[in-house]
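Visitor: Mind looking at a prediction? Sequence and model below.
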Amino acid sequence: MAKYSDDFKLKVVKEYLEGPVGCDLLAKKYEVPNKSQIRRWVNAYKALGKDGLRRKRSKTVYPVQFKLDVLNFIRQTGASYNEAAIEFQMNNPSLITTWMKTFLNEGIEGLKEKPKGRPPMSGKRKTKQSKQKKGLSREEQLERENELLRLENAYLKKLKAFQENPNAYLEKHKQSWHSNSKKKGSN
């Protein structure tokens, strides 16, 4: 889609309003690909004057309630997107089209302003770690499961030995602990 200067748009609109030339001929003369674009310029100029032809330099953030009002207006009156844009003094009817599609797909939640920019770095690190855990091959998953089962089995054996004869179990482990500590202290 070509971007046209404000002066060019004004020139085309004035030529349309002053002369017998229609949108079709003006589109061919000025090499505008779509005659409906000229109609939109003419309607915007009639409703809003020169301001209707100007491109906005800064992004206007519309509240959710305003968006709902515009969509309800279209639904109740059967107005086109262009007519609704003129009624609410907007010069971008395609924005209303986007609102309608979003509303039909996502509901009111979709019309709310979404945060811009990149997410914080801490969030990326967490997602990478979880992806690595999920990305284990079948063989790696089985190896991990085997290791966990070995650990569980060893724990249960020690628990059973302790339950059968707690004194003997404690004596056995006390001796190995004392012998290890003597070796460390003799240096």
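Guide: Arrived safely, thanks for sending.

Visitor: In three-state terms, label Pro115 for me.
Guide: coil (DSSP: H, G, I helix; E, B strand; the rest coil).

Visitor: and it, how many neighbours does it have?
Guide: 5 (other CB atoms under 10 Å). Backbone N, C-alpha and C define where each C-beta goes, glycine included.

Visitor: And for the one 5 residues further on?
Guide: Using other CB under 10 Å, the number of residues around Pro120 comes to 8.

Visitor: What of Pro93?
Guide: 17.

Visitor: Tell me the confidence at Arg57?
Guide: For Arg57, the model assigns a pLDDT of 64.

Visitor: Could you do Gly110 as well?
Guide: Gly110 carries a pLDDT value of 86.

Visitor: how close does it get to Ile96?
Guide: Distance of Gly110 to Ile96, given as CB to CB, to the nearest Å: 14 Å.

Visitor: The two: which has the busier surroundings?
Guide: Per other CB under 10 Å, whichever of Gly110 and Ile96 has more neighbours is Ile96, with 23 against 15.

Visitor: The more buried one touches Asn72, doesn't it?
Guide: No: Ile96 is not in contact with Asn72 according to CB atoms under 8 Å; the separation is 11.9 Å.

Visitor: so what sits against both of those two?
Guide: Applying CB atoms under 8 Å, 6 or more residues apart in numbering, one finds that no residue jointly contacts Ile96 and Asn72.

Visitor: what's near enough to touch the closest residue to Ile74 other than its chain neighbours?
Guide: Leaving aside its sequence neighbours, Ile74 sits nearest to Ala84 (CB to CB, 6 or more residues apart in numbering; 5.1 Å). Shown in contact with Ala84 (CB under 8 Å, 6+ apart): Val70, Phe73, Ile74, Met90, Pro93, Ile96.

Visitor: which secondary structure element contains the second one?
Guide: In other words, Phe73. Assigned by DSSP states H and E, Phe73 belongs to helix 64-77.

Visitor: Buried residues in that helix, which are they?
Guide: Neighbour counts using 16 or more other CB atoms under 10 Å place Lys67, Val70, Leu71, Phe73, Ile74 of helix 64-77 among the buried residues.

Visitor: Dump those into a markdown table; add distance to Gly52 as well.
Guide: A markdown table is the format used below for the buried residues of helix 64-77 (distance: CB to CB, whole Å):
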| residue | distance to Gly52 |
| --- | --- |
| Lys67 | 20 |
| Val70 | 17 |
| Leu71 | 21 |
| Phe73 | 18 |
| Ile74 | 19 |
